[in-house]
Structure formats: C-alpha cells, structure tokens
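Enquirer: What follows is a predicted structure for the sequence shown.
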Amino acid sequence: MEKVLIIGCKRIMDDVCIGCSRCLVGFNRREGYFELYKDEEAEVMGLLSCGDCPGAGIVTRLAQVKLWNAPLNEKPTKIHLGPCLAEHCPHKNEIIKKIKAKAGVQVIEGTHPYMPENIFA
Ligand code: SF4
C-alpha cells in the first residue's frame, strides 16, 4: 500500500487553491502525476504545507509528520509536490533540494493536471 504525502505552498494551499480539492480529486481519480497509482492500492496520508516563506522549516516539518503519525503507524512511502510549490514557489529549488535530501522516499514533482489554460475564453 502506497501512502502519499502531498506538500504544497502555505500561502496557496486552501487559500488560492480552495480546499486543496484539485490535488485530492486528482488523487481520487488517479489523474495527472497520480496515474502512477492507477493499478495500485494507495492512500493520501497527509497534506503538508512548506511552513511559509522561505520554507526554512520544511525538514523539521517532515520530522514532525513522522512523530505525529508514529502512534498511528502511518508514514509516507511517496511524497508529491503540488504545482503551488513545484512550479510557482520562488524558493522551490532550495526547498525541493532539502526534501529530496532528507525524505528517504521518492519525491515526485507534481500532483493534479487541472491547471486552467485561461480565465475568460
Ligand atoms: S516558501 Fe514557497 S511554497 Fe512556501 S509559502 Fe513561500 S512561496 Fe509558498
């Protein structure tokens, strides 16, 4: 069973991207980067924010995920980075480097495929 932890931008999650619904719908439908789990058992085990600019606390926050979930016997087997972080964050290079260096599980730079092409057309 794959356990997916999604990491996104604190300033965008559930604010610009209301309810983080596109990531969750994408996962439920196994679309976008979640096609990886098309024929696999997988669950989302958490939605984690970077902790705010400039993402200095991301490694500590990953450690907190481990501690918080230890009594539940839950830990991520895959990490996905939302487009709010992987594409739009000005600090993304540093944050992604830190996550990849410390996570100990595969880090995938992407989640849902539902980016709008335009607003009014
Ligand atoms: S560090 Fe990047 S991902 Fe985090 S709040 Fe700032 S812009 Fe968003």
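Expert: Good, I have the coordinates.
Enquirer: can you give me how far stretch 33-41 is from the chain middle?
Expert: From the chain centre to the centre of stretch 33-41 is a distance of 15 Å (Cα atoms, centre = their mean, to the nearest Å).
Enquirer: so how far is the first residue of it from its last?
Expert: End-to-end distance for stretch 33-41, by Cα to Cα, to the nearest Å: 15 Å.
Enquirer: Other residues contacting it?
Expert: Here stretch 33-41 makes contact (Cβ atoms under 8 Å, 6 or more residues apart in numbering) with 1-2, 4, 26-27, 30, 42, 78, 80, 108, 110-113. Every C-beta, even on glycine, is put in place using the N, C-alpha and C of the backbone.
Enquirer: Show me which residues of this protein sit near the ligand.
Expert: 9-11, 50, 52-55, 85, 89-91 (Cβ under 6 Å from any ligand atom).
Enquirer: If we go by neighbour counts, what in stretch 49-58 is buried?
Expert: 49-51, 55, 58 (16 or more other Cβ atoms under 10 Å).
Enquirer: So which of those sit within strands?
Expert: Of these, the ones assigned to strands by DSSP state E are residue 49.
Enquirer: related to what we said a few turns ago, next, format the residues of the chain next to the ligand as CSV and append pLDDT.
Expert: Shown next, in CSV, are the residues of the chain next to the ligand (pLDDT from 0 to 100):
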residue, pLDDT
9, 98
10, 97
11, 96
50, 98
52, 97
53, 97
54, 97
55, 95
85, 97
89, 97
90, 97
91, 98
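Enquirer: quick one, strands of this structure?
Expert: Under DSSP E, the chain gives strands at 2-8, 42-49, 78-81, 106-108.
Enquirer: and these as TSV, adding mean pLDDT and distance to residue 117?
Expert: TSV is the format used below for the strands of the chain (pLDDT from 0 to 100; distance: least, Cβ to Cβ, whole Å):
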stretch	mean pLDDT	distance to residue 117
strand 2-8	98	21
strand 42-49	98	25
strand 78-81	98	22
strand 106-108	98	23
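Enquirer: In JSON lines, list these along with distance to residue 69.
Expert: As requested, those are exported to JSON lines (distance: least, Cβ to Cβ, whole Å):
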{"stretch": "strand 2-8", "distance to residue 69": "9"}
{"stretch": "strand 42-49", "distance to residue 69": "7"}
{"stretch": "strand 78-81", "distance to residue 69": "14"}
{"stretch": "strand 106-108", "distance to residue 69": "18"}
